[in-house]
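Enquirer: okay, here's the prediction I keep looking at, along with the sequence it came from:
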Amino acid sequence: MPARDPVISAAEDLELLRDAAREAGAIAMRYFGKNPQVWMKGGTSPVSEADHAADAYLRETLLAARPDYGWLSEETTDDPARLLARRTFVVDPIDGTRGFLEGLRSWCVSVAVVEDGRTLTGVLECPAKDETYWALPGQGAFLNGKSIAVRRLGETVEIGGLKQLIDRMPAEWQSRVHRAAHIPSLAYRLAMVANGTLDATFVKPNAHDWDIAAADLILREAGGAVLDGHGRAPLYAGEVIRHGALVAGSGKLLTVLAGVIAGMEA
């Protein structure tokens, strides 16, 4: 049976996501620094009992409130039935699990609502840093209730991502670039661009929708963007949920980084 058209406003969804993400963050914090049980997905990617507990809470809470919405989460087996829904929750219960397990504080609960491939509502709950980011289209991006924006380009630019990609930047930029320390959470790294801590970041291939859907909107409302090498913004919650190489930033620097990716793919 086709899903009925939603009549719920993006603002109502934001309230729901913020409350749910806050509680999911509290659940994850109960395990933080306490050696939770860990398994390996695909032999290389860790997942912990904290991920599973936060995911279970989010799935139960969000779908109970919005049963017509689809569900796409890193820690839930994907059900193609979600493609019939007009709106979809896109969730990473703990983005940056490696860092979480190492005791680093830069991890977050990432939750978004997507419609027609675009994020309508995005929330990043980062409880170990006492930070909550959120955004709605056309209404700006916020950190703990205060408006945030990308920073103006200075003489020195701080960029995240793989050294191999930064090294491919044009020669005239090399003396200006400082490579930022590694941030295991991609969502949090994008938030750092949105709040002006970083100027930009490369995103290596194979990022998933749940890594970036919420942060994409937050960055866009802060004055930046996530783009591929052809200048196209990613689409989310479709049949394909992985992405090729991406860049995140603003202004002229974003164009330069996108050119690096385009050259690499040529």
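Expert: Looks like it arrived, so ask away. Please read all numbers here as calculations on a predicted model, not as lab measurements.
Enquirer: so how far is A28 from G42?
Expert: Taking CB to CB, to the nearest Å as the measure, G42 falls 22 Å from A28. Backbone N, C-alpha and C define where each C-beta goes, glycine included.
Enquirer: more crowded one of these two?
Expert: More neighbours surround A28 than the other of G42 and A28, with 27 against 6 (other CB atoms under 10 Å).
Enquirer: that one belongs to a strand?
Expert: No. The assignment for A28 (DSSP: H, G, I helix; E, B strand; the rest coil) gives helix, which keeps it out of a strand.
Enquirer: quick check: it vs V113, distance?
Expert: 21 Å.
Enquirer: just S185 next, same as before
Expert: Applying CB to CB to S185 and V113 gives a distance of 20 Å.
Enquirer: same thing with L72?
Expert: Using CB to CB, we find L72 at a distance of 11 Å from V113.
Enquirer: go on, D209?
Expert: For D209, the distance to V113 under the criterion CB to CB works out to 12 Å.
Enquirer: joint contacts of those two?
Expert: Counting by CB atoms under 8 Å, 6 or more residues apart in numbering, the contacts common to D209 and V113 are V90.
Enquirer: what's in contact with the strand or helix carrying V256?
Expert: Secondary-structure assignment from DSSP states H and E places V256 in helix 251-265. Residues outside helix 251-265 that contact it (CB under 8 Å, 6+ apart): 153, 157, 159, 165, 168-170, 173, 199-200, 202, 224-225, 227-231, 244-249.
Enquirer: how about a cut-off of 6 Å?
Expert: Contacts of helix 251-265 from elsewhere in the structure, counted by CB atoms under 6 Å, 6 or more residues apart in numbering, are 153, 168-169, 199-200, 227, 229, 231, 245, 247.
Enquirer: of these, buried ones?
Expert: For these, burial is judged from neighbour counts taken by 16 or more other CB atoms under 10 Å, and it is met by 168-169, 199-200, 227, 229, 245, 247.
Enquirer: okay if I get those residues as CSV plus distance to D92 and secondary structure?
Expert: Converted to CSV, these look like this (distance: CB to CB, whole Å; DSSP: H, G, I helix; E, B strand; the rest coil):
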residue, distance to D92, secondary structure
R168, 28, coil
M169, 29, coil
D199, 24, coil
A200, 22, strand
L227, 21, strand
G229, 24, coil
A245, 20, coil
V247, 20, strand
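Enquirer: and which of those residues is nearest to V177?
Expert: Taking CB to CB as the measure, M169 is the one of the buried ones among the contacts of helix 251-265 closest to V177, at 6.3 Å.
Enquirer: how far away is the nearest residue to that closest one once chain neighbours are set aside from T97?
Expert: If the residues on either side of it in the chain are set aside, M169 comes closest to V260, at 5.8 Å by CB to CB, 6 or more residues apart in numbering. V260 sits 28 Å away from T97, taking CB to CB as the criterion.
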